[in-house]
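# test case, fold it:
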Amino acid sequence: MLALLSMGSVFAQDFSGPDAKVVTSRKGVLKVQLSSTTSYRDLQFDLALPSGITLVTESVSPETPDATNVKEAAAGHVIAYNPVGTEGNVVRFAVYDQTGGNAFTDGVLIEIPVQATDAFTANAVANVTNVVTSDALAVSYAKDSFDISILVNLLGDVNEDGKVNVTDIMAVASRIKGVETTPFNEGAADYTNDEKVNVTDIMGIATIIKSGSAGAKAFVVEIPIENMLDPQ
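Just a heads-up that it's a prediction; the model follows:
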């Protein structure tokens, strides 16, 4: 069990978590960032995940430096984490310096992989509490808490309206032709999960619509895909 770092005087640090988007059946990322010119050496906090959002634990290796989870500027730091309390949804994270000579800089400090387990579109909130950090002299400071807003989208809901239908296919077709539409949810558009948006994704989203699964409106897409992609 990780113990809280000993706290000195309270200091108003600018830690926060930007809004996150998570697509059902796909891995998303929650970020904790620092907006300050002051250098800090260690960070610890408790993360309470909302119902339907779970930690992807195999992507956060305890006691092992991981360049995908700690920004490059925090090289030499180690991530550790473990559940706290009895509810089962609170995880304590620690990002600490191994050598005593490494400091965080302004920007994202840790990226936490999560996944939506429920097929619903919702606004959810993750609570970050007991934020404690220490400076280069090992003096510890604390901030009470902050929240991370999470938008959960259905796979295929490209325009984020809570439905999967032909307008989402049209949005993907427009992107392929080089025409941007907003909003455009990259994760929801990437049906094949290959980090690309192309015709194969259109065919996948059409499959969702035809099946009527995951909140999709069940009707057959009558517009041929080649016509959608025709720039004329």
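# quick one, domains of this protein?
15-153, 166-229 (automatic domain parsing).
# got the ones you listed as a markdown table, with mean pLDDT columns?
Below are the domains of the chain laid out as a markdown table (pLDDT from 0 to 100):
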| stretch | mean pLDDT |
| --- | --- |
| domain 15-153 | 76 |
| domain 166-229 | 79 |
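# for Asn159, find the nearest of the ones you listed.
Within the domains of the chain, the stretch nearest Asn159 is domain 166-229; the backing value is 5.4 Å (C-beta to C-beta). C-beta here means a position set from N, CA and C on the backbone, and glycine is covered the same way.
# longest helix of this protein?
helix 199-211 (DSSP state H).
# now do it: distance to the chain's middle.
The chain centre lies 25 Å from the centre of helix 199-211; the measure is C-alpha atoms, centre = their mean, to the nearest Å.
# how about that helix: buried residues?
Asp201, Ile202, Gly204, Ile205, Ala206, Ile208, Ile209 (16 or more other C-beta atoms under 10 Å).
# quick one on the thing from earlier: dump the domains of the chain to CSV, plus distance to Glu160.
Formatted as CSV, the domains of the chain follow (distance: least, C-beta to C-beta, whole Å):
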stretch, distance to Glu160
domain 15-153, 6
domain 166-229, 5
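# distance check, Gly107 against Lys163.
Counting by C-beta to C-beta, to the nearest Å, the gap from Gly107 to Lys163 is 36 Å.
# which one's more surrounded, the two?
The residue with more neighbours, out of Gly107 and Lys163, is Lys163; 16 against 13, by other C-beta atoms under 10 Å.
# for the more buried one, give its distance to Thr24.
Note on Lys163: its distance to Thr24, by C-beta to C-beta, is 13 Å.
# how about the spatially most central residue of the chain, secondary structure?
Taking C-alpha atoms, centre = their mean as the criterion, Val29 is the residue nearest the geometric centre of the chain, at 2.0 Å. What DSSP: H, G, I helix; E, B strand; the rest coil gives for Val29 is strand.
# show me where the protein has helices.
Under DSSP H, the chain gives helices at 166-176, 186-189, 199-211, 225-229.
# the chain: strands as residue ranges?
For the chain, the strands defined by DSSP state E cover 15-16, 20-23, 27-34, 42-48, 53-55, 77-83, 90-97, 107-116, 122-134, 140-153.
# how about those in JSON lines, adding distance to Ile169?
Formatted as JSON lines, the strands of the chain follow (distance: least, C-beta to C-beta, whole Å):
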{"stretch": "strand 15-16", "distance to Ile169": "36"}
{"stretch": "strand 20-23", "distance to Ile169": "16"}
{"stretch": "strand 27-34", "distance to Ile169": "23"}
{"stretch": "strand 42-48", "distance to Ile169": "36"}
{"stretch": "strand 53-55", "distance to Ile169": "28"}
{"stretch": "strand 77-83", "distance to Ile169": "40"}
{"stretch": "strand 90-97", "distance to Ile169": "38"}
{"stretch": "strand 107-116", "distance to Ile169": "22"}
{"stretch": "strand 122-134", "distance to Ile169": "23"}
{"stretch": "strand 140-153", "distance to Ile169": "16"}
